[in-house]
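>>> sharing a sequence plus its predicted fold:
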Amino acid sequence: MANVRLTKVGKVYEGPSGSAVRAVEAVDLDIADGEFCVLVGPSGCGKSTTLRMVAGLEEISEGTLEIDGARVNDLPAKDRDIAFVFQNYALYPHLTVGQNIAFGLEQRRVHRSGVKAMLTGASAARAKESEAIAARVAEVSRTLGLDALLARFPRELSGGQRQRVAVGRAIARDPKVFLFDEPLSNLDARLRIETRTELRLLHRRLRATILYVTHDQEEAMTLADRLVVMHRGRVQQNASAQECYERPANRFVAGFIGTPPMNIVDGRAERGGFAANGVSLALPARWPSLNADQPCALGFRPDRIRLVAAGAEGSVSAMVAAVERLGDRTDIALDSAWGRVVARIAADDAAGIREGDACGFEPDPQHLHLFETGECGARINPR
Ligand code: ADP
């Protein structure tokens, strides 16, 4: 296994008419040996391009890529000792599960010994190597619960099983680094959650260095030791999932991580508080750096809101626009002077709430977030 380091890595695609598309900009990333690192962000943010540069499938325009301390910018993909699992499995349809898993090992054998040696070489050595490959395939298929499927062809497998075979093929070679590009996105919701858990357990067993790309923030949060949130080709935050959730570095991360998304309201600081559209809220005296009248945005998560009676002092007046009952909890969309705000409350507390009801809401003063204005406005830290 290995560590992977990106220093100021950038990618510029040359367009057909000489125009240039900057896909990735100044990405710094240090993935420790055995770490599960997830790149997450909306479509087009540069995740796949970053991954493909690490794989050697895309040229690096700027910066340095190191694996185990050695610069590998110009090393061909096949020499980087990296395994890649794609979204669309890419299994060989005419090979069985066992042959698919063995494929990389067989390739390496041919590559190492050369075709001539394959034809003329000592048969004893060849047999020994075949035995080693068979043992490795058996070991990998046991690890992934594929023993009973070794003789089947890909068309005889479910989507989840195919994905497991693709993972099996990757781990059979025992590479330095694993790269995963949206590997679960072709699976249905339930299987995605199951396979996600399997991947996490597999990582714990292998202690492999993994760089994993997904647009699904929930998948990212459950898998990652380290979460790297990207937007517009840049890293917006690089921290644990917990840290990104509790202390988002900027407004983009705040809105991207967490479901339902954080409520974010544009307004201004005022003496001792925050105001938007003529409605004020007192802020705890923890934001000493705020200047009165400074434009800023206030964030609060849906589960950090208290619903109160209409007109209650200190609350924001609202009307219930929609009620979504989700079993143990209920999401309530509220229309207010602060725009549409979503509150998530326990189902029991929501029993009597109906669409059209007048009420008030209060964000929990202990769990407020403030940001500078703009799409990626920086977090304003409380004391
Ligand atoms: P993601 O994986 O986050 O969806 P990508 O890395 O695929 O994003 O793409 C990042 C940006 O680079 C996008 O704006 C995309 O249109 C552009 N891009 C990706 N591949 C190419 C290419 N081969 N040529 C030109 N532009 C590309």
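Alright, I've got the coordinates. Since this is a predicted model, take the numbers as computed values, not measurements. Numbering: from 1, shown residues only.

>>> only C-alpha atoms from now on, for both contacts and neighbour counts.
OK.

>>> helix, strand or coil for residue 334?
strand (DSSP: H, G, I helix; E, B strand; the rest coil).

>>> let me fix that: residue 48
Strictly by three-state DSSP, residue 48 counts as helix.

>>> my guess is it contacts residue 181, does it?
Yes - judged on C-alpha atoms under 8 Å, residue 48 makes contact with residue 181 at a distance of 6.9 Å.

>>> check contacts around residue 267.
274, 275, 276, 277, 295, 296, 297, 298 (C-alpha atoms under 8 Å, 6 or more residues apart in numbering).

>>> and for the second one, the neighbour number?
With neighbours defined by other C-alpha atoms under 10 Å, the count for residue 275 comes to 22.

>>> what's the burial count for the residue nearest to residue 355 when sequence neighbours are not counted?
Distance criterion C-alpha to C-alpha, 6 or more residues apart in numbering; nearest residue to residue 355, sequence neighbours excluded, is residue 320 at 5.0 Å. Neighbour count of residue 320, defined by other C-alpha under 10 Å: 21.

>>> the helix or strand harbouring residue 320 - contacts with which helices or strands?
Assigned by DSSP states H and E, residue 320 belongs to strand 316-325. Applying 3 or more C-alpha pairs under 8 Å, 6 or more residues apart in numbering; DSSP states H and E, one finds that strand 316-325 contacts strand 329-336, strand 358-363.

>>> got the contact list for the shortest one?
With contact meaning C-alpha under 8 Å, 6+ apart, strand 358-363 is reached by 300, 304-312, 314-320.

>>> angle of that strand against strand 316-325?
Strand 358-363 and strand 316-325 are oriented at 100 degrees to each other (axes from the mean of the first three to the mean of the last three C-alpha atoms, to 10 degrees).

>>> who does the helix or strand hosting residue 131 touch, helix- and strand-wise?
Using DSSP H and E, the element containing residue 131 is helix 123-143. With contacts defined as 3+ C-alpha pairs under 8 Å, 6+ apart, helix 123-143 has these neighbours: helix 97-120, helix 159-172.

>>> comparing the ones you listed, which gets the lowest mean pLDDT score?
Per-stretch mean pLDDT for the helices and strands packed on helix 123-143 is lowest at helix 97-120 (a mean of 74).

>>> next up, the contacts around whatever residue of the stretch 201-350 of the chain ends up closest to the ligand.
Closest residue of the stretch 201-350 of the chain to the ligand, C-alpha to the nearest ligand atom: residue 233 (6.8 Å). Contacts for residue 233 (C-alpha under 8 Å, 6+ apart) come out as 22, 23, 24, 25, 45, 46, 47.
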